[in-house]
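Q: structure here, sequence nowhere to be found:
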């Protein structure tokens, strides 16, 4: 199967930008839909990428986007909001649009622990979306990563900012476990699978080389940026209460659904790493990558940090 033209739904997001950059180096033509073209400025300079304003939830718009495509990559995902629309109905629409337009290859972003019997709406909706994709007649592959880190992430970068501004940090679910995976490793897994028939009909868990508790991740991110906040690990009842309160605050740092998701450790099975076994990708360690982008904050943030240390 030769793939020359790919539509990346969710291509303007964190993972999508890395996949787009990788595929364009392979001279694959990309069509990347976005609601607001200006928000995808980084992609406009890619020589093989066509960034198109479109509503991917509209069937007619999807059909126009898929004209001439050989494959579709669906990365659409949210951490709070209408999970059913994004994680269930959109995959259903993508599968139908691929079928109508004669496209047989679909790569789908799921999530570690996704399943219809899971404790959170996020994981249940991800599980249902994956089920729809994998039960279709398409040559589909699903990827189920743990938390993804790298430049532009919303996990370690958030922890670093919190550690910077809060001298005392009450932390919900401090013992929840994660096995962070580097975004470039995830992007390479997607790219390597695109033309590989051995990955058809398969779902892959993607994890990094080490497991960490949430407390360890927050402490590490804060330490890299030169801060050591007093972290107070909350018990289960207070964790739920914090999630309930922050759910209604601007930014939604945490919701009750996030709390329920963390009831399940986001780690891969012991002794098996699909990145190595399937694609020969050596997963990058958190300690190898994170300092390169967490310690080099935006210029204004560095300036503010210097002022703070100087007591100004």
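A: Done, it's in. All figures in this text were calculated on a predicted structure; none of them were measured in a lab.
Q: pretty sure residue 69 is in a helix, no?
A: No - counting by DSSP: H, G, I helix; E, B strand; the rest coil, residue 69 falls outside a helix, being coil.
Q: now do the strands in this structure.
A: In the chain, the strands defined using DSSP state E lie at 5-9, 29-34, 49-53, 71-74, 105-109, 139-145, 148-149, 168-171, 177-178, 181-182, 202-206, 212-213, 230-233.
Q: right, so of those strands, which gets closest to residue 293?
A: Of all those, it is strand 148-149 that lies closest to residue 293, at 9.0 Å by CB to CB. Yep, even glycine has a C-beta here, placed from its N, CA and C like the rest.
Q: what sits up against the closest one?
A: If you take CB atoms under 8 Å, 6 or more residues apart in numbering as the criterion, strand 148-149 is touched by 14, 15, 155, 156, 180, 181, 182, 183, 186, 286, 289, 290.
Q: JSON lines for these, including distance to residue 227 and neighbour count?
A: Formatted as JSON lines, these follow (distance: CB to CB, whole Å; neighbours: other CB atoms under 10 Å):
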{"residue": "14", "distance to residue 227": "24", "neighbour count": "19"}
{"residue": "15", "distance to residue 227": "28", "neighbour count": "25"}
{"residue": "155", "distance to residue 227": "17", "neighbour count": "18"}
{"residue": "156", "distance to residue 227": "13", "neighbour count": "23"}
{"residue": "180", "distance to residue 227": "20", "neighbour count": "28"}
{"residue": "181", "distance to residue 227": "25", "neighbour count": "28"}
{"residue": "182", "distance to residue 227": "23", "neighbour count": "26"}
{"residue": "183", "distance to residue 227": "24", "neighbour count": "22"}
{"residue": "186", "distance to residue 227": "28", "neighbour count": "26"}
{"residue": "286", "distance to residue 227": "18", "neighbour count": "23"}
{"residue": "289", "distance to residue 227": "19", "neighbour count": "20"}
{"residue": "290", "distance to residue 227": "14", "neighbour count": "24"}
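Q: which of those residues lies closest to residue 260?
A: Taking the contacts of strand 148-149 together and measuring to residue 260 by CB to CB, the closest member is residue 155, at 17.7 Å.
Q: now for that closest one: which residues touch it?
A: Applying CB under 8 Å, 6+ apart, the residues near residue 155 are 147, 148, 149, 180, 217.
Q: if we use 10 Å, what do you get?
A: 14, 147, 148, 149, 178, 180, 214, 217, 218, 221 (CB atoms under 10 Å, 6 or more residues apart in numbering).
Q: same thing with residue 17?
A: Contacts of residue 17 (CB under 10 Å, 6+ apart): 8, 11, 32, 40, 42, 43, 46, 151, 152, 183, 187.
Q: put the buried members of the residues you listed into a ChimeraX selection.
A: A single ChimeraX command selects the buried members of the contacts of residue 17 (16 or more other CB atoms under 10 Å):
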select :8,11,32,40,43,46,151,183,187
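Q: quick one, which of the contacts of residue 17 has the minimum pLDDT?
A: Within the contacts of residue 17, the minimum per-residue pLDDT falls on residue 40 (85).
Q: and the pLDDT at residue 251?
A: At residue 251, pLDDT is 79.
Q: what about it, how many neighbours?
A: The local packing of residue 251 (other CB atoms under 10 Å) involves 7 other residues.
Q: could you give the average pLDDT over stretch 112-129?
A: 97.
Q: coming back round to it: wait, which of the contacts of residue 155 is closest to residue 129?
A: When the contacts of residue 155 are compared for distance to residue 129 (CB to CB), residue 148 comes out closest, at 17.5 Å.
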